[in-house]
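> Got a predicted model here, sequence first, then my questions.
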Amino acid sequence: VTPKSDDHSFEPTFRTFDSVSANQTADFSASPLYRISGRITNSSGAGVEGTTLNLGGTKTESRATDTNGNYSFISLPPGNYTVTPSRDGFTFTPEPRVYNNLSQNQTAADFTATATATFTISGRITLGGAGVIGVTVNLSSGTQTKSTTTGENGSYTFNGIAPATYTVRPANWATSPGSITLTDVNGNRTADFSIVGREYIRLGDRVIAIENTPE
């Protein structure tokens with residue numbers, strides 16, 4: 001018989017009964033375990049995915065934040081702990097968090113991440129090989145979205161991009177590809193698209209879609 005819980009440890013850890021031929025009593029002594037959890041956000045309040053949290057002290061382990069910037073260390077015995085975030089391209093406030101004589105759950109072990117370097121994501125939207133002006137392009141990361149429109153030559157640029165994973169998606173037009181996901185951006189990146197499913201005519205350097213309107 002083996003008891004199990006994220007919130008308690010047990011002594012003994014299990015009891016064994018061989019050749020049972022009568023009723024048996026299996027008692028265990030439970031001791032509480034605790035958890036430390038929190039969220040990593042940027043200055044806009046968006047979660048920062050992929051940040052490593054290192055737990056030091058009575059028990060040591062590491063966790064990475066999820067897509068919303070959340071993390072959790074569970075089943076911690078009473079003791080002294082530090083939680084330290086780490087990710088290339090960011091500094092964190094505060095650093096670290098310290099919990100001495102842990103005797104209850106700590107669910108607000110939050111940190112604010114500040115990018116130490118920023119980058120650009122840019123590209124072109126084309127139809128028949130020529131750039132298309134005025135196409136809306138959306139950039140998203142977690143719950144945060146920003147938009148821009150293509151200019152001359154069908155080009156667009158997003159400036160001030162902090163390290164993270166981003167999805168680029170043109171709006172209102174069918175494109176190939178439909179979207180591009182850029183994982184762990186830590187430098188300038190490019191994302192190009194071609195408009196598909198449209199008849200067009202070429203007037204000098206310009207390309208004009210005909211027969212159909214944007215979806």
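Nice, thanks for sending it over. Numbers count the residues shown, from 1 in each chain.

> Show me where the chain dips below the pLDDT cut-off.
Low-confidence segments of the chain (pLDDT under 70): 143, 198-215.

> do that again at 80, thanks
In the predicted model, the chain carries pLDDT under 80 at residues 5-12, 28-30, 44, 142-144, 197-215.

> which residues in it form helices?
Using DSSP state H, the chain contains no helices.

> can you pull the contacts of Lys87?
Careful, residue 87 is Arg; it's not Lys. Val48, Gly50, Thr51, Thr52, Ala113, Pro163 (CB atoms under 8 Å, 6 or more residues apart in numbering). From N, CA and C alone the C-beta is placed, and that goes for glycine too.

> let's see it at 6 Å
Arg87 is in contact with Thr51, counting by CB atoms under 6 Å, 6 or more residues apart in numbering.

> And it, how far from Gly56?
17 Å (CB to CB, to the nearest Å).

> Could you find the closest non-adjacent residue to Asn70?
Arg39 (5.2 Å; CB to CB, 6 or more residues apart in numbering).

> What is the neighbour count of the one you found?
21 (other CB atoms under 10 Å).

> Quickly note the distance from it to Ala164.
15 Å.

> what do you get for Phe10?
The value you get for Phe10 to Ala164, if CB to CB is used, is 41 Å.

> Settle it for me: which of those two has more neighbours?
Between Phe10 and Ala164, Ala164 has the larger neighbour count (other CB under 10 Å), namely 25 against 15.

> Tell me how many other residues surround the residue nearest to the more buried one when sequence neighbours are not counted.
Once flanking residues are discounted, Ala164 sits nearest to Ser141: 4.9 Å by CB to CB, 6+ apart. Neighbours of Ser141 under the rule other CB under 10 Å: 21.

> how much space is there between Ser141 and His8?
Distance from Ser141 to His8, by CB to CB: 38 Å.

> quick one on the thing from earlier: touching, the residue nearest to Ala164 and Tyr166? I think so.
Yes - under the criterion of CB atoms under 6 Å, Ser141 makes contact with Tyr166 at 4.8 Å.

> which outside residues touch stretch 121-139?
By CB under 6 Å, 6+ apart, stretch 121-139 touches 145-150, 153-158, 161, 166, 168-171, 189-195, 200, 207.

> what pairs with the residue nearest to Ala164 across the strands?
Gln144 (DSSP bridges).

> same deal with Ile125?
Where Ile125 sits in a bridge, its partners, by DSSP bridges, are Phe193.

> And it, how close does it get to Gly154?
Applying CB to CB to Ile125 and Gly154 gives a distance of 5 Å.
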